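Enquirer: build me a model from this:
(chains A and B)
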Amino acid sequence: MSPTSQPARAGAPQPKPVLSVRNLAKAFGSNVVLRDIDLDVRRGNVVALIGPSGSGKTTVLRSLNGLETPDAGTVTFADTATGTDLALDFSAKVAKKDISDLRDRSAMVFQHYNLFPHMTVLQNVIEGPVQVQKRKRAEAVAEAEKLLARVGLADKRDAYPFELSGGQQQRVGIVRALALKPQLLLFDEPTSALDPELVGEVLGVIQELAEEGWTMVIVTHELAFARQVADEVIFMDGGVVVERGPAAEVLRAPRQDRTRQFVRRLLHEF
Amino acid sequence: MPFNWDLVWSSFGPIVTGAITGTIPLTLASFAFGLALALLVALMRLSRNPVASGAARFYVSVIRGTPLLVQLFVIFYGLPSLGVKLDPWPSAIIAFSLNVGGYAAEVIRAAILSVPKGQWEAGHTIGMSRAQALRRIILPQAARVSVPPLSNTFISLVKDTSLASLILVTELFRNAQQIAAFSQEFMALYLEAALVYWVICLALSTGQSALEKRLDRYVAH
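Expert: Okay, here's the model as predicted:
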């Protein structure tokens, strides 16, 4: 399950991030959704985006997968295989080919799972590898079974999504993303739609992926979890980055008032 | 009722033959072409291209806003004055296909729109193009939603094909009409025709239930 050609997370950051976002901006009329968002993700690192609802964190994440089109800014993917970077500049019209290349490099896990209801668990997982990546079916099935076993769902391979609990569905969602062998995993509030008692099983899987060295960007409200797995935490509010830094610093000793208020409010919920 | 029972029994033959050689193939061919056309029109209406969506909207409006009988007559009796002379069968198939296309297009469009946006996004995020997501993810789910309304269209079509008797297509109703005119047993013959239509539609309803059950296998009950 560990990603190919990804070194384990090293203490010293590498000079060049695998993903760089610069000056991302988006507005609907006078309503600013994003302004001047910068983001660097190094290989094997976990970046957590936190902030109140409507802060723009999900829009940032979705922009990284071409599900949202910013008005301006750049997204650059360093390509270790070819040495040629994939660079998207949103101030001009972005070619379809570039969007599709961007999606080839990352995979998304959705808040509401978005599994394909008309396909079994196994079919959900192999759909991308077989239909899009044109890998051999037998090979894709073998890999899918291994991944499903990893998240404890081997016996659910022929079940339909409606037969699964939310936590199980989300674990299938994660496996579907992993099966694409992406360089970057994107999580959009992966536990927000779950019953509280099911949150743990999903966070457990994500934490294991972090320990294995997967590169991830996670939008989350689970601050304790973010503190545990994230290398960097970015706090957004009103479409801008308010504060960023190592997880322990931002979450334990925030410098900005807005961050402090947010963290305190969320921790007091429990 | 004073039915001429000998005539009733002997006329079943020609009426059922009319169903088998006329009504049923006419229905199947028109529905198949009509559905293909409907999918195309639905996708045009959903496209961002204003010319395509405008043309689709216009087509649906004309089809739904004019009587089927008039459409049939325009094609069979009207077109020859423009130098396009079609035989009864092709005229009927064209008219019924165009008609089904207009009605079913709206059903399919609504069914496509009923699939949550997240399904498109999940398709895109595993690398699918729009066409691929449509084919693999969206249409299979839209199919389930559209079976009941499309069955309505299908069953209506079976009965609408009786209009083809007016452009000289030999089908169920035309055979009944001819025997009735000849024997003057109008009540008996038209009730017979009605019965055969009803039996065909009953069979279709059974088929619809089976299909719905099959397509519902992935939905919570």
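
Enquirer: interface residues of the stretch 51-200 of chain A facing chain B?
Expert: Neighbours of chain B within the stretch 51-200 of chain A, by C-beta under 8 Å from any C-beta of the partner chain: A:65-67, A:100, A:103-104, A:107-108, A:110, A:112, A:114-119, A:127-128, A:131-133, A:160-163, A:176-177, A:180. Bear in mind the C-beta positions are built from the backbone N, C-alpha and C, glycine included.

Enquirer: excluding chain neighbours, what is closest to A:G152?
Expert: Of all residues not flanking A:G152 in the chain, A:R171 sits nearest, at 7.3 Å (C-beta to C-beta, 6 or more residues apart in numbering or on different chains).

Enquirer: distance from the host helix or strand of that neighbour to the middle of the chain?
Expert: Element membership of A:R171 [criterion: DSSP states H and E] is helix A:166-178. Mean-position distance between helix A:166-178 and its chain equals 13 Å (C-alpha atoms, centre = their mean, to the nearest Å).

Enquirer: give me the residues contacting it.
Expert: Contacts to helix A:166-178, defined as C-beta atoms under 8 Å, 6 or more residues apart in numbering or on different chains, come from residues A:1, A:107-110, A:113-115, A:121, A:124-125, A:127-128, A:144, A:147-148, A:150-153, A:156, A:161, A:164, A:185, A:190-191, A:193-195, A:198-199, A:201-202, A:205-206, A:209, B:125-126.

Enquirer: restricted to strands, list those residues.
Expert: A:A107, A:M108, A:V109, A:L185 (DSSP state E).

Enquirer: burial measure for the third one, as a count.
Expert: A total of 26 residues lie near A:V109 under the criterion other C-beta atoms under 10 Å in any protein chain shown.

Enquirer: get me the contact residues on chain B for chain A.
Expert: So chain B meets chain A at B:116, B:118-119, B:121-122, B:124-129, B:132, B:136-137, B:140-141, B:144, B:217-220 (C-beta under 8 Å from any C-beta).

Enquirer: tell me which of the residues you listed fall in helices.
Expert: B:G118, B:Q119, B:E121, B:A122, B:H124, B:T125, B:Q132, B:P140, B:Q141, B:R144 (DSSP state H).

Enquirer: find the pair from those with maximum spatial separation.
Expert: B:T125 and B:R144 (22.7 Å; C-beta to C-beta).

Enquirer: looking at the two, which is more packed in?
Expert: Set B:T125 next to B:R144 and count neighbours by other C-beta under 10 Å: B:T125 wins out with 27 against 21.

Enquirer: residue contacts, the more buried one?
Expert: A:N65, A:L67, A:R103, A:A107, A:M108, A:F110, A:A177.

Enquirer: report pLDDT for residue 157.
Expert: In the absence of a named chain, this looks at chain A. Looking at A:R157, its pLDDT stands at 95.

Enquirer: should've been chain B
Expert: The model reports B:L157 with a pLDDT of 96.

Enquirer: can you check B:R144 too?
Expert: Reported pLDDT for B:R144: 91.

Enquirer: skipping adjacent residues, who's closest to it in space?
Expert: B:L215 (4.2 Å).

Enquirer: could you say what helices and strands the helix or strand the one you found falls within packs with?
Expert: Using DSSP H and E, B:L215 sits within helix B:186-215. Applying 3 or more C-beta pairs under 8 Å, 6 or more residues apart in numbering or on different chains; DSSP states H and E, one finds that helix B:186-215 makes contact with helix B:5-18, helix B:139-160, helix B:172-183.

Enquirer: what's the burial count for B:V16?
Expert: 16.

Enquirer: ok, it - contacts?
Expert: B:L172, B:V196.

Enquirer: do you know how far it is from chain A?
Expert: Distance of B:V16 to chain A, computed by C-beta to the nearest C-beta, to the nearest Å: 39 Å.

Enquirer: list the buried ones in stretch A:117-137?
Expert: Within stretch A:117-137, the residues that qualify as buried are A:117-132, A:135, counting by 16 or more other C-beta atoms under 10 Å in any protein chain shown.

Enquirer: which strand or helix spans A:L49?
Expert: Per DSSP H and E: strand A:46-50 holds A:L49.

Enquirer: quick one: that strand to chain centroid distance?
Expert: That offset, for strand A:46-50, works out to 9 Å (C-alpha atoms, centre = their mean).

Enquirer: thinking again about what came up before, among the contacts of B:T125, who's most crowded?
Expert: A:M108 (28 neighbours).

Enquirer: okay, and the helix or strand of chain B with the least pLDDT?
Expert: The weakest-scoring helix or strand in chain B, judged by mean pLDDT, DSSP states H and E, is helix B:5-18 (a mean of 89).

Enquirer: C-terminal to that one, what's the next element?
Expert: Next along the chain after helix B:5-18, taking DSSP H and E as the criterion, comes helix B:24-46.

Enquirer: now do the contacts for the residue in chain B that chain A sits nearest to.
Expert: Evaluated by C-beta to the nearest C-beta, chain B has B:I126 as its residue closest to chain A, separated by 3.4 Å. Residues counted as contacts of B:I126 (C-beta under 8 Å, 6+ apart) are A:A107, A:E127, A:G128, A:V132, A:R176, A:L180.

Enquirer: repeat the analysis, applying 6 Å as the threshold.
Expert: A:G128, A:V132 (C-beta atoms under 6 Å, 6 or more residues apart in numbering or on different chains).

Enquirer: same question for A:V41.
Expert: A:P17, A:V18, A:L19, A:V47.

Enquirer: quick one: which of these sit in strands?
Expert: Reading strands off these with DSSP E, I get A:L19, A:V47.

Enquirer: quick one on the thing from earlier: and the residue of chain B closest to chain A, backbone torsions?
Expert: Backbone geometry at B:I126, expressed as degrees, to the nearest 10, gives phi -90, psi 10.

Enquirer: how near is it to A:I126?
Expert: 10 Å (C-beta to C-beta, to the nearest Å).

Enquirer: gap between stretch B:23-31 and the chain center?
Expert: Worked out by C-alpha atoms, centre = their mean, stretch B:23-31 lies 8 Å from the chain centre.

Enquirer: for it, which positions count as buried?
Expert: B:T23, B:I24, B:L26, B:T27, B:S30, B:F31.

Enquirer: follow-up on the earlier one: residues contacting the strand holding A:L49, please?
Expert: Residues contacting strand A:46-50 (C-beta under 6 Å, 6+ apart): A:41, A:57, A:210, A:216-220, A:226, A:229-235.
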